[in-house]
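S.K.: I would like the atomic coordinates for the input below:
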Amino acid sequence: MGRRRTVLVGVLAAVLAAAGAVTAVSMTHAHAVATRLPPASASSEQVLRVYLRAAKAHDCGVTEALTTKNGGRDTAWCGGRSPASWFDDHPDLLGYRNIGTVSRLSAKETGRSPEECIPVDVTETNMSGAEPGALPGWQFCFVHTPAGWRLTDEGYG
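M.R.: Below is the predicted model:
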């Protein structure tokens, strides 16, 4: 009976150690993403620039963290997520240029919260409903949250 108890205690210790390691890695990843996010005081244009750099680098953690829950994980640009993404609709930002001027939309105009939208010429692939290539004047729209500006909508018009 003593030997079984020793083995059981050993197995339980190994399981707890593995769970602790997974938690530590998860917390380390969350901390690493948080350190790459702009401060809550950043302007919508500053947040857009961080978002675009992350999207081009396939940094899914940052693009997803800078997207509102309304937009969801599928809204965040995150091409190259994995080989499975070849068959999914995860847009892949290949390049961007010509970041335009911020336009402010009132809650009355949006039917929701006020937004700030910024046009950018993007080059993409793997976007649902669009041929790969240039999308001049693609709008990224942000809503202000307690964590700062977050992407809530995008597209034309």
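S.K.: hey, where'd the strands end up in the protein?
M.R.: 92-97, 103-105, 115-125, 133-145, 148-155 (DSSP state E).
S.K.: Serialize those to a markdown table and add fields for mean neighbour count.
M.R.: All C-beta atoms are positioned from the backbone trio N, CA, C, and that covers glycine. Below are the strands of the chain laid out as a markdown table (neighbours: other Cβ atoms under 10 Å):
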| stretch | mean neighbour count |
| --- | --- |
| strand 92-97 | 18 |
| strand 103-105 | 13 |
| strand 115-125 | 19 |
| strand 133-145 | 18 |
| strand 148-155 | 20 |
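S.K.: Format those strands as CSV; extra columns: distance to Arg53.
M.R.: Shown next, in CSV, are the strands of the chain (distance: least, Cβ to Cβ, whole Å):
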stretch, distance to Arg53
strand 92-97, 9
strand 103-105, 22
strand 115-125, 12
strand 133-145, 13
strand 148-155, 14
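S.K.: Indicate which one of the ones you listed is closest to Gly79.
M.R.: strand 92-97 (2.1 Å; Cβ to Cβ).
S.K.: helices and strands around the closest one, which ones?
M.R.: helix 44-56, strand 115-125 (3 or more Cβ pairs under 8 Å, 6 or more residues apart in numbering; DSSP states H and E).
S.K.: can you tell which of these is closest to Thr152?
M.R.: With Cβ to Cβ as the measure, strand 115-125 is the member of the helices and strands packed on strand 92-97 nearest Thr152 (6.5 Å).
S.K.: what lines up beside that closest one in the sheet?
M.R.: Strand 115-125 has the following sheet partners, assigned by DSSP bridges: strand 92-97 (antiparallel), strand 103-105 (antiparallel), strand 133-145 (antiparallel).
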